[in-house]
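Chemist: Structure of the sequence below:
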Amino acid sequence: MKYSHFMQGVLLSAVVVTAVSPHSFAAASTQLGDRMDSAARLSVSSSAESPAAPASSTATLGTAFVQVAAGNYYSVGLRADGSVWTWGRNLLGELGIPDTTAVSSMVAPVRLNTLPPLNSIATDGYGYQLGVARDGTVWEWGSRPGYVRETQVPRALPGLSGISQVTTLQKYSFGLGSDGSVKAWMRDQKSGDSGQPISVSGLKNIVQLQSTSDYIYALDSTGSVWKLTVNASENQLHLSVPVRIQGLPALKQISMQHAYDAYGVDSSGKVWNWSTQASSSTGKLYVKPVSIQPSLQVRNVYASPG
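Modeler: Numbers count the residues shown, from 1 in each chain. Alright, predicted model coming up:
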């Protein structure tokens with residue numbers, strides 16, 4: 001059962017799912033992926049609208065999709081059992097399946113069998129994916145920069161362990177450690193190989209990471225939001241000093257729509273939207289926080305540029 005409406009370019013939706021088959025999910029999620037890059041999506045919880053799953057669906061709970069990452073004409077889904085499924089366009093090797101030259105697209109989800117069970121997935125939106133395994137290691141797959149119609153099949157990244165979440169851009173990636181620390185590393189745009197991760201100073205007790213353009217946003221355990229910029233020159237990764245964004249309520253989850261525009265959910269379930277100044281050295285707001293649909297109690301908000 002789904003309820004949704006648009007407001008100021010933001011898609012608000014309440015979704016209740018009991019059991020989903022791979023084929024029906026493929027059709028629904030491919031359509032969602034095509035439109036996710038023009039809206040922010042709110043996932044709303046309501047006990048009155050969330051009936052218990054029937055007994056007949058109990059056996060399928062392990063195959064229910066718990067996370068979807070949508071890119072340009074392709075999608076990646078993570079099931080509750082930790083398996084990863086991918087579908088959509090594969091012209092640039094986006095899907096991570098080895099027979100790239102013979103398969104230009106997949107209509108129904110196909111499983112990446114060489115991946116271990118994962119806890120979370122992330123995409124840069126242009127064909128490159130990362131995943132965090134249940135043992136805290138980080139895996140990559142998808143398009144290889146500088147190569148046409150060649151794919152990187154799933155492989156573990158060296159030098160990374162104890163990771164709980166990842167976020168990735170086209171050239172840079174970041175990992176959140178289980179201790180609240182943050183790691184950063186580059187991806188060579190010729191070979192496709194990832195460099196040695198470095199520790200990001202100035203960030204601690206982080207619980208969530210978000211990336212967009214050349215900006216990284218981090219939410220800490222007190223509900224404060226931090227931002228920093230990232231760039232590279234001569235194969236060296238350069239990070240600005242993280243600054244705390246001032247004037248925000250304490251938040252429990254964030255999602256970035258553009259480099260300067262963002263959404264967040266506070267502990268009461270209220271959604272906020274704000275804009276920051278372009279300078280990387282200031283945490284001042286350009287537009288003060290505005291409550292979006294204050295009558296709703298929201299669990300998560302997802303925003304994408306559009």
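
Chemist: what's the pLDDT at residue 92?
Modeler: At residue 92 the predicted local distance difference test score is 88.

Chemist: nearest spatial neighbour of it, skipping sequence neighbours?
Modeler: Counting by Cβ to Cβ, 6 or more residues apart in numbering, residue 92 lies nearest to residue 143, which is 4.6 Å off, once chain neighbours are set aside. Backbone N, C-alpha and C define where each C-beta goes, glycine included.

Chemist: For burial, what's the neighbour tally of the one you found?
Modeler: Around residue 143 there are 28 other residues, counting by other Cβ atoms under 10 Å.

Chemist: Return the residues in contact with it.
Modeler: Residues in contact with residue 143 (Cβ atoms under 8 Å, 6 or more residues apart in numbering) are 92-94, 126-128, 150-152.

Chemist: Beta-bridge partners for it, please?
Modeler: residue 151 (DSSP bridges).

Chemist: residues in contact with residue 268?
Modeler: residue 297.

Chemist: Buried members of the contacts of residue 143 into ChimeraX, please.
Modeler: Here is the ChimeraX selection string for the buried members of those, based on 16 or more other Cβ atoms under 10 Å:
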select :92,93,94,126,127,128,151,152
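
Chemist: Export the contacts of residue 143 to JSON lines and append columns for distance to residue 70.
Modeler: Below are those laid out as JSON lines (distance: Cβ to Cβ, whole Å):
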{"residue": "92", "distance to residue 70": "16"}
{"residue": "93", "distance to residue 70": "17"}
{"residue": "94", "distance to residue 70": "11"}
{"residue": "126", "distance to residue 70": "12"}
{"residue": "127", "distance to residue 70": "12"}
{"residue": "128", "distance to residue 70": "14"}
{"residue": "150", "distance to residue 70": "22"}
{"residue": "151", "distance to residue 70": "18"}
{"residue": "152", "distance to residue 70": "19"}
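
Chemist: which among the contacts of residue 143 gets closest to residue 170?
Modeler: residue 126 (5.9 Å; Cβ to Cβ).

Chemist: which neighbours does the helix or strand containing residue 207 have in its sheet, and in what orientation?
Modeler: Per DSSP states H and E, residue 207 falls inside strand 206-212. Paired strands of strand 206-212, with direction, are strand 215-220 (antiparallel) (DSSP bridges).

Chemist: re the thing from before, state the mean pLDDT of the strand holding residue 207.
Modeler: pLDDT averaged over strand 206-212 gives 95.

Chemist: what does stretch 142-161 give?
Modeler: 87.
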